[in-house]
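**Q** need a 3D model of the following:
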Amino acid sequence: MPRTTTVECPGCPPFRALTFDALGLIKVIEARGKEGGVPKVVDRWGDPDASKYVLAASIDDRKTDPLLAVARKSGVIEVLNPLNGELSVTVSNVGNANARPEDDAIVGLHLFRRQRLELTTRSCTLLTCTAKGNASIKNVDMSDSQKDSGASKKWNVCASGNISFSEVDGSENYALFGGKGVEVNMWDLDKCTKIWTAKPPPPNSLGIFTPTWFTSATFLSKDDHRKVVAGTNSHQVRLYDVSAQRRPVISFDFRETPIKAVAEDLDGHTIYVGNGSGDLASVDIRTGKLLGCFLGKCSGSIRSIARHPELPMIASCGLDSYLRIWDIGTRQLLSSVFLKQHLTKVVFDTNFAVEEDKHYTVDSAVHESQSMVEVQTADETEKLPTKRKKSSKADRGSKKKASKEKEGSKKLKSKKRSKSLEHDIADDA
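**A** Model (predicted):
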C-alpha cells in the first residue's frame, strides 16, 4: 500500500472557476458562503467525446458580455458564454488547410480584450497557434454564426520543430512562442515581426549541450513585457530579460521531472512552478531562491496553474483529475475537488459574486433559530451528574460516635454469648 498523508482543508473563500478536460467537458466549480466554503461542481457543459479534447482556453471575464474561447482536438474553436455555456460561434480551419487537425493541433489560444472594447459590433478577435508554428489573428463576427470573416493576419513563427505554447502579455501587443527545438521568441502582434529570440546556454563543464525543449512560459509582469520566465523539459526554470541579453539571466533546476506549468504572481517577482511529478512550489525569481513547496502531494502531472487576481490563492489541476485550491501565503491546501477526467486547463471567473436570495436568507435564519432552540432545550433537559457533598466536622464526629457505639454493642453481645456457652458447658459437666 502506498503511504498517504492526511491534510486538513480549512476551506476557501467564495470563487468561481472553469475546468477543461480530456473528454471535452467544461465544469463549473463554485464555492459559496463565507470563509471555509467547500467548492462543488454546479454545472457541466458538453458531452464526453475524446475528439473534443480541450487543448487550450482563454476567457474574457468582464462584467458585460463576457466570452470564453475553447480550442478542441478536432481543430474547432468554440466561443461560449462563460455564465451559462451557451455557444455563440464556431470557428474552423484555423491551421493549415492541407493538414489534418491531429497532425497540426492548436497549442495556443488567446481571446483579445482590448480589441473587443474598440469594436462597436458584436465580434471578437482570436490569436491561435498550431504545433507547426502557423499563427493567425482572426476576427470573428458573432452576430451571424454561419459567417466566417477569415484571418486578418497569418504568419509562421518557426522554421522547424514543434511549438508547445504561446503566451500574450498584459498589453496584448507582444506574444511568446516556444517548444521542442524552438527557442523562446517574442513577436510584435501589430506588425507580425519577430523582435527577440533567446540564445541557448553554453555547454556545461563536460561539454554536454542541453537540447532545446521549452514546455511553458509566462510574462513576469503584466505591465512589462521585457522579462520572461520559461520552463524546460530538462527541469530548468529560466529568466530572460529581453532588454539585457539573449541568454538566461537566471537559470536553476527544479526537482527531476519536466516543468509543465509556470504562472506569475501579482507582485512581479514570485512565480509558481509545477512539474510532471506533481510538485508545486513558489520561487523568488530575482534570486532563484525556492520559497517553499505547497503542502499536500499531487499524484499526477500538473498541467495548469491559475493565480486569482484578487484573492490570495492559486488553483492547479492536472492528470490526477483533481482541482486544488492553495493559499499563497501559507502554501496550504484550502480545498480539492475530484473531477473524474484528466484536466488540461483551469481559469478563474474574477467577476463572480455570491448573490444570496431572500428565500435563502430566510431559510438560513429559520434554521439558525431552530438550532438555537434545540440547543437551549437540550441544555435544559440535560442533567448534570450530582456530586457528593463534603461532610462537615460535626457530621464526621457523629459518624465516628455511631460507629464506636455499634462496635461496643457488638462486643457486649459477643461477651454475653461466650458466658452463656460457659454456663451450658458447666451444667452438662
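**Q** quick one: stretch 327-344 to chain centroid distance?
**A** 4 Å (CA atoms, centre = their mean, to the nearest Å).
**Q** any buried residues in that stretch, and which?
**A** Within stretch 327-344, the residues scored as buried using 16 or more other CB atoms under 10 Å are 327-328, 331, 333-337, 339, 341-344. The C-beta positions use only the backbone N, C-alpha and C, and glycine is treated the same way.
**Q** and for stretch 47-63?
**A** Within stretch 47-63, the residues that count as buried by 16+ other CB under 10 Å are 52-61.
**Q** follow-up on the earlier one: which of the buried residues of stretch 327-344 fall in helices?
**A** Counting by DSSP state H, no part of these is found in helices.
**Q** tell me how far the ends of stretch 339-349 are from each other?
**A** End-to-end distance of stretch 339-349: 18 Å, with CA to CA, to the nearest Å as the criterion.
**Q** quick one: contacts of it?
**A** If you take CB atoms under 8 Å, 6 or more residues apart in numbering as the criterion, stretch 339-349 is touched by 15-23, 25, 27, 41, 48, 53-59, 61, 66, 68, 82, 300, 303-306, 308-309, 315-319, 321-323.
**Q** in the protein, which residue is closest to the centre?
**A** Geometric centre of the chain, nearest residue: residue 315, 1.8 Å, by CA atoms, centre = their mean.
**Q** so where's the protein uncertain?
**A** Applying pLDDT under 70 to the chain flags the ranges 1-9, 34-36, 93-98, 115-121, 144-151, 297, 354-429.
**Q** could you pull out the helices for it?
**A** Ranges of helices within the chain are 114-118, 358-381, 393-428, based on DSSP H.
**Q** need the contact list for residue 235.
**A** Counting by CB under 8 Å, 6+ apart, residue 235 touches 253-259, 275.
**Q** run a quick neighbour tally on residue 345.
**A** Neighbour count of residue 345, defined by other CB atoms under 10 Å: 22.
**Q** show me what it is bridged to.
**A** residue 20 (DSSP bridges).
**Q** number of residues surrounding residue 310?
**A** 11.
**Q** same deal with residue 256?
**A** Using other CB under 10 Å, residue 256 is surrounded by 11 other residues.
**Q** which residue, other than its chain neighbours, is closest to it?
**A** Nearest non-adjacent residue to residue 256, counting by CB to CB, 6 or more residues apart in numbering: residue 235, 5.9 Å away.
**Q** for residue 124, same thing?
**A** For residue 124, ignoring the flanking residues on the chain, the nearest one in space by CB to CB, 6+ apart is residue 140 at 5.3 Å.
**Q** do residue 123 as well
**A** Counting by CB to CB, 6+ apart, residue 123 lies nearest to residue 141, which is 4.8 Å off, once chain neighbours are set aside.
**Q** quick one: residues contacting the closest residue to residue 86 other than its chain neighbours.
**A** Distances taken as CB to CB, 6+ apart put residue 80 closest to residue 86, at 6.6 Å, once the chain neighbours are dropped. Shown in contact with residue 80 (CB under 8 Å, 6+ apart): 26, 45, 67-70, 86-88.
**Q** endpoint to endpoint, stretch 319-339 covers what distance?
**A** Stretch 319-339 has its terminal residues 11 Å apart, counting by CA to CA.
**Q** all strands of the stretch 201-350 of the chain, in order?
**A** With DSSP state E, counting those that start in this stretch as the criterion, the stretch 201-350 of the chain has strands at 214-219, 227-232, 236-241, 250-253, 259-264, 270-275, 280-284, 289-293, 302-307, 313-318, 322-327, 333-338, 343-348.
**Q** make JSON lines out of those strands and add distance to residue 184.
**A** As requested, the strands of the stretch 201-350 of the chain are arranged in JSON lines below (distance: least, CB to CB, whole Å):
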{"stretch": "strand 214-219", "distance to residue 184": "6"}
{"stretch": "strand 227-232", "distance to residue 184": "5"}
{"stretch": "strand 236-241", "distance to residue 184": "7"}
{"stretch": "strand 250-253", "distance to residue 184": "12"}
{"stretch": "strand 259-264", "distance to residue 184": "12"}
{"stretch": "strand 270-275", "distance to residue 184": "15"}
{"stretch": "strand 280-284", "distance to residue 184": "18"}
{"stretch": "strand 289-293", "distance to residue 184": "22"}
{"stretch": "strand 302-307", "distance to residue 184": "18"}
{"stretch": "strand 313-318", "distance to residue 184": "23"}
{"stretch": "strand 322-327", "distance to residue 184": "27"}
{"stretch": "strand 333-338", "distance to residue 184": "32"}
{"stretch": "strand 343-348", "distance to residue 184": "21"}
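**Q** go through the ones you listed and name the closest to residue 175.
**A** Residue 175 lies closest to strand 214-219 among those, at 9.9 Å (CB to CB).
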